[in-house]
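Visitor: Build me a model:
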Amino acid sequence: MSDMHSLLVAAILGVVEGLTEFLPVSSTGHMIIVGHLLGFEGDTAKTFEVVIQLGSILAVVVMFWRRLFGLIGIHFGKPPRHEGTGSGRLSLIHILLGMIPAVVIGLVFHDAIKTLFNPKNVAYALVVGGVLLIAAELLKPKVPRAQGVDDMTYRQAFLIGCFQCLALWPGFSRSGATISGGMLVGVSRYAASEFSFLLAVPMMMGATALDLYKSIGFLTTGDIPMFAVGFVTAFIVALIAIKTFLELIKHISFIPFAIYRFIVAAAVYVVFF
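Guide: The predicted structure follows:
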């Protein structure tokens with residue numbers, strides 16, 4: 001692969017990662033298809049995907065830095081006023097409760113989960129995740145009990161964490177699982193999305209750091225320019241995608257995303273079977 005070609009591939013995959021990582025459409029499904037079409041597969045490709053995920057995570061940190069600092073007790077300016085039936089303010093306890101189920105299940109069934117990384121299972125996950133999105137829209141309470149993340153109860157945070165376990169199935173979408181779960185347990189569409197983004201930071205950083213540690217041997221100095229382009233592209237595109245997504249869901253439901261997932265699932269079958 002020539003230098004210019006490798007940089008172009010890096011930019012394309014960075015765009016795909018940035019666009020899909022935090023939308024309920026499964027970045028895994030998209031990366032599998034695009035990577036295959038570009039002929040970029042194997043150990044180096046897997047390491048590359050881990051690195052560009054860090055770019056997407058950084059976008060969340062930049063987007064929600066005030067809120068993230070607030071979780072550890074560091075506030076810039078006047079803390080926001082909180083009203084509602086929740087515990088009073090989103091805290092680290094909410095985040096920890098949201099993390100525990102997936103961390104436990106992920107550690108216990110790590111080896112079994114790795115066997116699920118194939119196109120057929122990803123296609124199935126895309127479909128099931130789409131059905132869950134539709135179910136969340138149809139079955140959610142008419143008036144959410146938690147309009148904002150600061151209204152969320154510890155119970156809601158834990159239940160969202162249980163839904164996050166579904167994302168251990170490759171192709172399901174972590175954001176799709178957590179947002180759907182949040183809506184079903186009485187959290188507004190916007191608040192569920194915001195909590196999903198905040199929950200992504202420790203979850204994805206932990207998983208990405210572990211994967212990077214295991215695959216660092218496949219990274220050479222010659223790969224650095226390509227990895228850097230992918231990282232920066234993913235960061236910029238993810239930042240734009242998050243802002244656009246949070247504005248978009250104020251006006252539309254998640255059903256269009258569900259339909260799109262079904263289309264991607266069909267594309268996986270066309271490409272691989």
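Visitor: What residues does Pro24 make contact with?
Guide: 129, 133, 173, 175-176, 179-180, 254, 257, 261 (Cβ atoms under 8 Å, 6 or more residues apart in numbering). All C-beta spots, glycine's among them, are computed from the backbone N, C-alpha and C.
Visitor: Give me the neighbour count for the closest residue to it other than its chain neighbours.
Guide: Nearest non-adjacent residue to Pro24, counting by Cβ to Cβ, 6 or more residues apart in numbering: Gly176, 3.3 Å away. Residues contacting Gly176 under the criterion other Cβ atoms under 10 Å number 30.
Visitor: any idea which element Gly176 lies in?
Guide: helix 174-184 (DSSP states H and E).
Visitor: The following helix or strand past that helix - contacts with which helices or strands?
Guide: For helix 174-184, the succeeding helix or strand toward the C-terminus, using DSSP H and E, is helix 189-215. On a contact count with 3 or more Cβ pairs under 8 Å, 6 or more residues apart in numbering; DSSP states H and E, helix 189-215 meets helix 43-63, helix 65-71, helix 92-108, helix 154-164, helix 174-184, helix 224-248.
Visitor: Let me know which of these is tucked in deepest.
Guide: helix 174-184 (a mean of 27; mean count of other Cβ atoms under 10 Å).
Visitor: Contact partners for Leu90?
Guide: Leu90 neighbours (Cβ under 8 Å, 6+ apart): 67, 70-71, 149-150, 152, 195, 198.
Visitor: Closest one of the residues you listed to Gly42?
Guide: Taking Cβ to Cβ as the measure, Gly42 lies nearest Leu198 of these, at 33.6 Å.
Visitor: starting at the chain centroid, how far to stretch 199-212?
Guide: For stretch 199-212, the distance from its own C-alpha centre to the chain's C-alpha centre is 11 Å (Cα atoms, centre = their mean, to the nearest Å).
Visitor: pLDDT averaged over stretch 49-66 - what is it?
Guide: Summarised as a single mean, pLDDT over stretch 49-66 is 94.
Visitor: just stretch 241-251 next, same as before
Guide: 96.
Visitor: Touching it from outside, list them.
Guide: Contact partners of stretch 241-251, identified using Cβ under 8 Å, 6+ apart, comprise 18-19, 21-23, 59-60, 63, 189-190, 193-194, 197.
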